[in-house]
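In: from the sequence below, what's the structure:
(chains A and B)
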Number of protein chains: 2
Amino acid sequence: MNESTSAALRTALAYYEAWTGHDFDRAMTFIADDIVCDAPAGQIVGAEAFRAFMGPFSQLVTASSIIAALGDDETALLMYDTATRPVPNAPGAEHLTVVDGAITHITIIFDRQPFTEARQRAGS
Amino acid sequence: MNESTSAALRTALAYYEAWTGHDFDRAMTFIADDIVCDAPAGQIVGAEAFRAFMGPFSQLVTASSIIAALGDDETALLMYDTATRPVPNAPGAEHLTVVDGAITHITIIFDRQPFTEARQRAGS
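Out: Model prediction:
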């Protein structure tokens, strides 16, 4: 299904636009209280833990663009590129499950290695 | 669109089944000679370079499963989990462009960090 017919994709894109646009409070309005997020470093459970994970990252983003976005009734699959302050080319992919307009599960894939290398270069 | 209506997704899944099933020669039959692959470590151009990149990785895979797979006429978007010998949980995402039944472009996202850590543990 395309964007016009997938409610899940509309919610996923609204969330994406908010977090990449530095409006993380708005982004959180799309996140279920009991969200489960499978991220490269492990599983994150609950909206507050999710905010602590994604909020700081969103502040590093200087530009972003969608590579692909597809959805069906309950899920959406996004791939995007971001430019961030530590890493100029940091693409990511997300599989999102949407229930009653709220994102209840996200699997997020990105390459942690350049972020680790940037921290090491910064000596932190 | 779903699997039954997306020719690009059918090709992408046939490629996925072949490379995760250790039939890399069959996998290569879906790859265009002039494929361009954007991977975490950089861009790979041409079928032989692509084989040198993905072939060895495919040999490390011990199990795999599709997390999500969606497509439209010319592109497909896959997210999958793999178990590999060095890294037990190595999910990936691919955005594939298919022209006349051949995959001409792949953007692949995965986390290199656990593979680097496994190599460091192995002392290589």
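
In: what is the distance between stretch A:89-101 and the centre of its chain?
Out: 5 Å (CA atoms, centre = their mean, to the nearest Å).

In: that one close to chain B?
Out: Yes: Stretch A:89-101 is in contact with chain B by CB under 8 Å from any CB of the partner chain, via A:91-93, A:95. In this view, the C-beta of every residue, glycine as well, is placed from N, C-alpha and C.

In: now that we have the residues you listed, which one has the most neighbours?
Out: A:A93 (28 neighbours; other CB atoms under 10 Å in any protein chain shown).

In: contacts only, for it.
Out: For A:A93, the contact set (CB atoms under 8 Å, 6 or more residues apart in numbering or on different chains) comprises A:77-80, A:108-110, B:79, B:93, B:109.

In: grab the two from those that are most spread out in space.
Out: Longest distance between any two of the contacts of A:A93 is 14.5 Å, between A:L77 and A:F110; criterion CB to CB.

In: who's more crowded, the two?
Out: Between A:L77 and A:F110, A:L77 has the larger neighbour count (other CB under 10 Å), namely 27 against 23.

In: list the contacts of that one.
Out: Here A:L77 is in contact with A:68-71, A:93-96, B:68, B:70, B:77, B:79 (criterion: CB under 8 Å, 6+ apart).

In: ok, so of the residues you listed, who is nearest B:T29?
Out: Out of these, the member with the shortest distance to B:T29 (by CB to CB) is B:L77, at 21.5 Å.

In: confirm that closest one sits in a strand?
Out: Yes: counting by DSSP: H, G, I helix; E, B strand; the rest coil, B:L77 is found in a strand.
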